[in-house]
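Undergrad: Provided below for reference: sequence and predicted model.
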Amino acid sequence: MGEKEKKNRVEQESAEMGKQLETMNVKIKEINENPEKKIPPVIGYFPSGFDPLKNSEESNSKSGVSSVKVYRNAKRNPKNPRLEVVVGVGGSAVNFVGTSYSGEARTPQLCNYALGVLDKETGVLKMVPIAANKIFRLEPKVPGMEQPENESQDAEKEADTYEERSEKFMNATRMYSTKKNIRRDEKRVTLRRTEDVGVQEGMEQKLEGIKVNMEALVEAVPSTANARNIPPHNIDANEVEMAYPLDKIILKGEWDYLQDIFDKLHGGSELAQDVYPCFVLNRVHSLQKIKNESSRRRMAGILSYITHLIRFKDRHSMDGVSSAKFHKLPSILSQKFSTMFASTTDKRLPQDKQDLLISYVLVLSLFADDFRSDPSDIARDLRMNPVTLRTHYESLGCKFVRENMSLVATLPVPLTFQTIKIKRKRQK
């Protein structure tokens, strides 16, 4: 009998609880935050267990009523404020203080908070964002016992310095990043490294004993405007293909992303004229004549690389942006080209970087034409005058020969670069 009574009792309690639950269809109305006109609701909690409402009810005098004050830094952005909430206990020297920028508020936050108010009569649930998107931890503090300077000193100790953050980032790069990024960071550290004063003094003493041949500097000054803007080269190479090593221009891991032309021609498709440059379209016939598949795949990769370079140049120019609007540039090449040619402050390419890009295109065009290249179609793709483009060929060490009533660029080896000779004034 005892078990049946207990079971009946449980069923009665669950039935009464079901009657108390009420189902409502409500509309949710979101109220946007406008801190300039009105401060949003402030939510906090007392980890010590203090109850401000109970304290106010127990105290009959006005001095026992708790007061709430909210301080906001007026110099900060209203969308990212620094708030401080102070709950004063009437008749006591203890205040409960919580901030949005120190203590528990400094921990990472992975969610957003909002306060909901339900109006049963209208059936509307109003959602309001809370102040600073933080739940304030109100801890007891006695005025005069703790100085604000101590808090700022603790915050400075917790915050990492720029050098510490840089060192942590470099350690993470060495452990998880690519070799390219590791070499980049090592070069950056080397450039920023400062030598000891004693080492610098010793270096200055060594430099004082060196004699400088001023006549050699005056008579032959290299044309640095173009000499610095050429691809990796070997000035002592006796073979024309080794003058500008192809593996230094197209890296080993990039060939897998240059198979679009080979795949289309191998599948019997034609290259779209609005997608590929004139230079590439004019070399399709000679590409199909190559019988060796590896050589044909290599040549198709070179033509694909030329296409990406030209479209990257068009993307950063006023007159060619339309032709590169729908061009798909592989991410590995996009990152490489942005590092080598693009500017961080301007969308257009700097002149020296543009000259470097043109040099890369011309060198690869020489590979595609077996180092006897007619510059007419590549000049059209680069949107340049053939006469102006001739100076870029000459800066690469090329010579022009006449062939079938047209000038053809060739590449003699070993490489010889132009120099600017400055005439010395006669001494009176």
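TA: Nice, thanks for sending it over. Source: prediction; values computed, not measured.
Undergrad: hey, let's count contacts and neighbours off CA atoms from now on
TA: Noted.
Undergrad: What are the boundaries of the strands in the stretch 251-400 of the chain?
TA: Here the stretch 251-400 of the chain has its strands, by DSSP state E, counting those that start in this stretch, at 372-373, 399-403.
Undergrad: Out of these, indicate the one that is most buried.
TA: strand 372-373 (a mean of 20; mean count of other CA atoms under 10 Å).
Undergrad: re the thing from before, now the strands of the stretch 251-400 of the chain in TSV, with mean pLDDT and distance to residue 9?
TA: Output for those, formatted as TSV (pLDDT from 0 to 100; distance: least, CA to CA, whole Å):
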stretch	mean pLDDT	distance to residue 9
strand 372-373	91	99
strand 399-403	90	105
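Undergrad: export those to TSV and tack on distance to residue 107?
TA: Formatted as TSV, the strands of the stretch 251-400 of the chain follow (distance: least, CA to CA, whole Å):
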stretch	distance to residue 107
strand 372-373	63
strand 399-403	66
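Undergrad: Those strands: which one's closest to residue 38?
TA: Residue 38 lies closest to strand 372-373 among the strands of the stretch 251-400 of the chain, at 72.0 Å (CA to CA).
Undergrad: sec struct for residue 84, please.
TA: Under DSSP: H, G, I helix; E, B strand; the rest coil, residue 84 falls in the strand class.
Undergrad: Low-confidence stretches in the stretch 151-300 of the chain?
TA: Residue ranges of the stretch 151-300 of the chain with pLDDT under 70: 151-163, 192-228.
Undergrad: quick one: what helix or strand has residue 180 in it?
TA: helix 179-192 (DSSP states H and E).
Undergrad: Report the buried residues of that helix.
TA: Within helix 179-192, the residues scored as buried using 16 or more other CA atoms under 10 Å are 182, 185.
Undergrad: so how far is that helix off the chain centroid?
TA: Counting by CA atoms, centre = their mean, to the nearest Å, helix 179-192 is centred 17 Å from the centre of its parent chain.
Undergrad: cool, and stretch 266-280?
TA: What separates the centre of stretch 266-280 from the centre of its chain is 33 Å, taken as CA atoms, centre = their mean.
Undergrad: which outside residues touch stretch 253-270?
TA: Stretch 253-270 has contacts (CA atoms under 8 Å, 6 or more residues apart in numbering) with 271, 296-297, 300-305, 330, 332-333.
Undergrad: one more time with 10 Å, if that's ok
TA: By CA atoms under 10 Å, 6 or more residues apart in numbering, the residues outside stretch 253-270 that reach it are 250, 271, 276, 280-281, 284, 287-288, 293, 296-305, 307-308, 329-333.
Undergrad: For that stretch, list every residue counted as buried.
TA: Neighbour-count burial for stretch 253-270 flags 258-259, 261-262 (criterion: 16+ other CA under 10 Å).
Undergrad: From those residues, pick the one nearest residue 356.
TA: residue 258 (21.0 Å).
Undergrad: Distance-wise, check the closest one relative to residue 337.
TA: Between residue 258 and residue 337 the computed distance is 15 Å (CA to CA, to the nearest Å).
Undergrad: now swap in residue 44 and tell me
TA: On the measure of CA to CA, residue 44 and residue 337 end up 52 Å apart.
Undergrad: Same check on residue 349?
TA: In this view, residue 349 and residue 337 are 11 Å apart by CA to CA.
Undergrad: Could you tell me which residues touch both of the two?
TA: 312-313, 357.
Undergrad: Out of these, the closest to residue 120 would be?
TA: residue 312 (61.2 Å).
Undergrad: Leaving out the residues flanking it, which one is nearest to the closest one?
TA: Nearest in space to residue 312, with sequence neighbours left out and distances taken as CA to CA, 6 or more residues apart in numbering, is residue 324 at 7.3 Å.
Undergrad: pretty sure that neighbour is in contact with residue 381, am I right?
TA: No - the criterion here is CA atoms under 10 Å, and residue 324 misses it with residue 381 at 12.0 Å.
Undergrad: Give me the common contacts of those two.
TA: 310-311, 314.
Undergrad: Take those and keep only those in helices.
TA: When the shared contacts of residue 324 and residue 381 are checked against helices (DSSP state H), the matches are 310-311, 314.
Undergrad: For those residues, pick the one with the most neighbours.
TA: Most neighbours among these, by other CA atoms under 10 Å: residue 311, with 27 neighbours.
Undergrad: Would you agree it is in contact with residue 325?
TA: Yes - under the criterion of CA under 10 Å, residue 311 makes contact with residue 325 at 8.8 Å.
Undergrad: List just the nearest of the shared contacts of residue 349 and residue 337 to residue 93.
TA: Using CA to CA, these come closest to residue 93 at residue 312, 69.2 Å.
Undergrad: what sits against residue 302?
TA: 246, 250, 255, 258-259, 261, 280, 296, 361, 364-365, 367-368.
Undergrad: swap the cut-off to 7 Å and go again
TA: Contact analysis of residue 302 by CA atoms under 7 Å, 6 or more residues apart in numbering lists residue 364.
Undergrad: Could you do the one 5 residues further on as well?
TA: Applying CA under 7 Å, 6+ apart, one finds that residue 307 lies in contact with 276-277.
Undergrad: just residue 229 next, same as before
TA: For residue 229, counting by CA under 7 Å, 6+ apart, the contacting residues are 352, 355-356, 359.
Undergrad: Looking at the residues you listed, spot the one nearest residue 172.
TA: Residue 172 lies nearest to residue 356 out of the contacts of residue 229, by CA to CA, at 32.7 Å.
Undergrad: still on that earlier bit, export the contacts of residue 229 to JSON lines and append columns for pLDDT.
TA: Putting the contacts of residue 229 into JSON lines (pLDDT from 0 to 100) gives the following:
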{"residue": "352", "pLDDT": "87"}
{"residue": "355", "pLDDT": "90"}
{"residue": "356", "pLDDT": "91"}
{"residue": "359", "pLDDT": "92"}
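Undergrad: Out of the residues you listed, which end up buried?
TA: For those, a burial check counting by 16+ other CA under 10 Å picks out 355-356, 359.
Undergrad: ok, of the residues you listed, which one's closest to residue 166?
TA: Proximity of those to residue 166 was ranked by CA to CA; the top entry is residue 356 with 31.5 Å.
Undergrad: Can you give me the neighbour number for residue 233?
TA: 16.
Undergrad: OK, contacts around the closest residue to it other than its chain neighbours?
TA: With CA to CA, 6+ apart as the criterion, residue 233 has its nearest non-adjacent residue at 4.4 Å, and that residue is residue 244. Residue 244 sits next to 232-234 when contact means CA under 7 Å, 6+ apart.
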